[in-house]
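Student: 3D, please:
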Amino acid sequence: MLTKKQTVLYLLFLILMWGVNWPLSKYALTYTPPVLFAGLRTLIGGVLLIGIALPRWRLLRLKQNGLIYLISSLLSIVFYYGFQTIGLNYMPAGIFSAIVFLQPVLLGLFAWLWLGERMNGLKLLGLLLGFLGVAAMSVGGFENGLSIIGIVLALASALTWAFGTVYIKRVAAKVDMLWMTASQITIGGIIMLGYGSLTESWSAIEWSASFMTDTLFISVFVIALGWLVYFKLIGSGEAAVVGSFTFLIPVVSITCSVLFMNEHVTANLLAGLVLIVFSIVLVNYKQKQRKQRQASLQ
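Tutor: Purely as a prediction, here's the structure:
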């Protein structure tokens, strides 16, 4: 189990890295086709994690856990990134990301149904407020129109991310989490890179210093370390509580876009921030009260 200080540091790292990922990825896509980029950054991240995991090679247990690695890879990497990459071609990124971040709401419900985590009215209200906060920050995208295909792909991305997280928490006791993360990311990278090689052209990639630096940063800090930290948090705490903090990721993403991509602060952005703050407070309120009662009885 993580200490409170470790949990806070891991959450801060995850929110920051996954937040900057959106503008960094948008920048990288000016140099490369989307599926090849998704496969390339994922495969690099997976290979890096395999290098870190090699001293623990006995814990890989490929024969016993191979199917677990494959299912996890399909849910958390291939389908999640695949639906996301394709769906962004059909609708504005802001609205798409708002729908994808329905994931913490779905994760809270799935964790209640299948993991036995507590659910109450305040927690459910908090999860819904968090999604409304993300939607409020992205509502400007409605001006550009919506696509049914895009909405379906965004929902599919959120669903597969939630299913993948619940699945990993259910099998966490059977696998080494470092090998689990390394294997699923590497398998996902190979699948997406293979598909991208069949449908896109490698010659379309502009191998500039900016693109390679951007890709390496995403591969190391967003993909490799980001997923490792995420699954570490999920494995050591309530999935719904960890999921509630992921609502802050679009906040970081929009803030970076305002600072570095000349986007503007709007009333919708401020309203979204307020809703997200209330979301996190409500999701964690009962848990904090319970811990205080337990401490008073000791």
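
Student: tell me where this structure has helices.
Tutor: Along the chain, the segments classed as helices by DSSP state H run 4-28, 34-53, 62-73, 80-87, 93-100, 103-114, 121-138, 148-171, 177-199, 209-217, 225-236, 239-245, 248-260, 267-297.

Student: dump those to TSV, plus mean neighbour count.
Tutor: Any C-beta I mention is one placed from the backbone N, CA and C, and that applies to glycine too. Formatted as TSV, the helices of the chain follow (neighbours: other CB atoms under 10 Å):
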stretch	mean neighbour count
helix 4-28	18
helix 34-53	22
helix 62-73	16
helix 80-87	22
helix 93-100	23
helix 103-114	22
helix 121-138	22
helix 148-171	20
helix 177-199	21
helix 209-217	15
helix 225-236	20
helix 239-245	25
helix 248-260	19
helix 267-297	15
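
Student: can you put these in CSV and add mean pLDDT?
Tutor: Below are the helices of the chain laid out as CSV (pLDDT from 0 to 100):
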stretch, mean pLDDT
helix 4-28, 87
helix 34-53, 94
helix 62-73, 94
helix 80-87, 84
helix 93-100, 69
helix 103-114, 78
helix 121-138, 77
helix 148-171, 86
helix 177-199, 94
helix 209-217, 96
helix 225-236, 84
helix 239-245, 70
helix 248-260, 78
helix 267-297, 64
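
Student: could you verify my assumption that residue 126 touches residue 282?
Tutor: Yes - in this structure, residue 126 is within contact of residue 282 by CB atoms under 8 Å, at 3.0 Å.

Student: what is in contact with those two at once?
Tutor: With contacts defined as CB atoms under 8 Å, 6 or more residues apart in numbering, no residue is shared by residue 126 and residue 282.

Student: just the pLDDT at residue 140, thanks.
Tutor: At residue 140, the model reports a pLDDT of 56.

Student: what's the closest non-adjacent residue to residue 42?
Tutor: Distance criterion CB to CB, 6 or more residues apart in numbering; nearest residue to residue 42, sequence neighbours excluded, is residue 189 at 3.7 Å.

Student: same check, this time on residue 45
Tutor: Residue 45's closest residue in space is residue 223 (CB to CB, 6+ apart), at 3.1 Å.

Student: ok, the one you found touching residue 185?
Tutor: Yes - under the criterion of CB under 8 Å, residue 223 makes contact with residue 185 at 6.3 Å.

Student: quickly list what's touching both of those two.
Tutor: Common contacts of residue 223 and residue 185, defined by CB under 8 Å, 6+ apart, comprise 42, 45, 46.

Student: is the first one in contact with residue 188, as I believe?
Tutor: Yes - under the criterion of CB under 8 Å, residue 42 is in contact with residue 188, at a separation of 5.5 Å.

Student: hey, what's in contact with both of these two?
Tutor: 77, 81.

Student: next one: the spatially closest residue to residue 69 that is not a sequence neighbour from residue 41, what distance?
Tutor: Leaving aside its sequence neighbours, residue 69 sits nearest to residue 183 (CB to CB, 6+ apart; 4.0 Å). For residue 183, the distance to residue 41 equals 17 Å [CB to CB, to the nearest Å].

Student: check residue 255 too.
Tutor: 22 Å.

Student: next one: residue 193
Tutor: 10 Å.

Student: what does residue 84 give?
Tutor: Taking CB to CB, one finds residue 84 at 13 Å from residue 41.

Student: for stretch 222-234, output the C-alpha coordinates as PDB.
Tutor: The C-alpha coordinates for stretch 222-234 follow below in PDB (Å, rounded to 0.1, in the frame of the first residue of the first chain):
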ATOM      1  CA  VAL A 222       3.200   9.700 -20.500                       C
ATOM      2  CA  ILE A 223       3.100   6.100 -21.700                       C
ATOM      3  CA  ALA A 224       5.700   4.200 -19.700                       C
ATOM      4  CA  LEU A 225       5.700   6.000 -16.400                       C
ATOM      5  CA  GLY A 226       2.200   7.300 -16.700                       C
ATOM      6  CA  TRP A 227       0.500   3.900 -17.000                       C
ATOM      7  CA  LEU A 228       2.800   2.400 -14.400                       C
ATOM      8  CA  VAL A 229       1.800   5.000 -11.900                       C
ATOM      9  CA  TYR A 230      -1.900   4.800 -12.800                       C
ATOM     10  CA  PHE A 231      -2.000   1.000 -12.300                       C
ATOM     11  CA  LYS A 232       0.000   1.400  -9.100                       C
ATOM     12  CA  LEU A 233      -2.600   3.800  -7.800                       C
ATOM     13  CA  ILE A 234      -5.500   1.600  -8.900                       C
END
